[in-house]
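Trainee: Turn this into a model:
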Amino acid sequence: RTREGILYAWGWNNSGQLGTEDKLDQVLYDPHIVSWPEDIDPDEKDIDPDAKDIDPHSEDIDYQGVKIIDIACGARHTLALGEDGSVWGCGWNEYGQLGGITGSEEVPKVCTMTRLSIPDEAAVLKLCAGHWNSGLVTD
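Mentor: Residues are numbered from 1 along each chain as shown. The predicted model follows:
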């Protein structure tokens, strides 16, 4: 994560944990910008979300007010904490690592960053990701 809230990911993507929007079992050796849902699309910048061979650098991107301030990586899933206390996730959800996913039923793999349901819409202060589990600290 950069100071501007841009999230980069790389490594093994066998469960969609890198947020590449596909279900390919692949290894990405170079950091790429994690793509976001259409309603949090970068502000008309010329960025290829599928780029796999880039040098990490800052871009002035407005994610409609959602600035990423922390990330946590499990064995096959990734979590991101928004400055507003929102939680986003992608990757393997076979054992509920991503919890309830807003607007959808139980899904075993989530291949793009998706806003996760938080009990009582509490503001999340910290997050953690284990091998097959996740945890949150709320206010």
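Trainee: Beyond the helix or strand bottoming out on mean pLDDT in the chain, next helix or strand please.
Mentor: Least confident helix or strand of the chain, by mean pLDDT, DSSP states H and E, is strand 27-33 with a mean of 71. Sequence order places strand 68-73 as the next helix or strand after strand 27-33, per DSSP states H and E.
Trainee: in this protein, which ranges drop under the pLDDT threshold?
Mentor: For the chain, the stretches with pLDDT under 70 are 1-5, 20-23, 29-31, 35-65, 100-107, 121.
Trainee: Could you look up the SS state of the closest residue to A75 other than its chain neighbours?
Mentor: Nearest residue to A75, sequence neighbours excluded (C-beta to C-beta, 6 or more residues apart in numbering): H131, at 4.5 Å. From N, CA and C alone the C-beta is placed, and that goes for glycine too. Classification of H131 by DSSP: H, G, I helix; E, B strand; the rest coil places it in coil.
Trainee: gap between H131 and Y95?
Mentor: 9 Å (C-beta to C-beta, to the nearest Å).
Trainee: what do you get for L125?
Mentor: 24 Å.
Trainee: and if you look at L127?
Mentor: In terms of C-beta to C-beta, L127 sits 17 Å off from Y95.
Trainee: same question, S134
Mentor: 10 Å.
Trainee: Comparing those two, which shows the higher neighbour count?
Mentor: Neighbours were counted for S134 and for Y95 using other C-beta atoms under 10 Å; S134 has more, 20 against 12.
Trainee: show me what contacts that one?
Mentor: 72, 74, 77, 79, 89, 97-99, 127-128 (C-beta atoms under 8 Å, 6 or more residues apart in numbering).
Trainee: Relative to D139, which of the residues you listed is nearest.
Mentor: Of all the contacts of S134, D139 sits closest to L127, with 13.1 Å by C-beta to C-beta.
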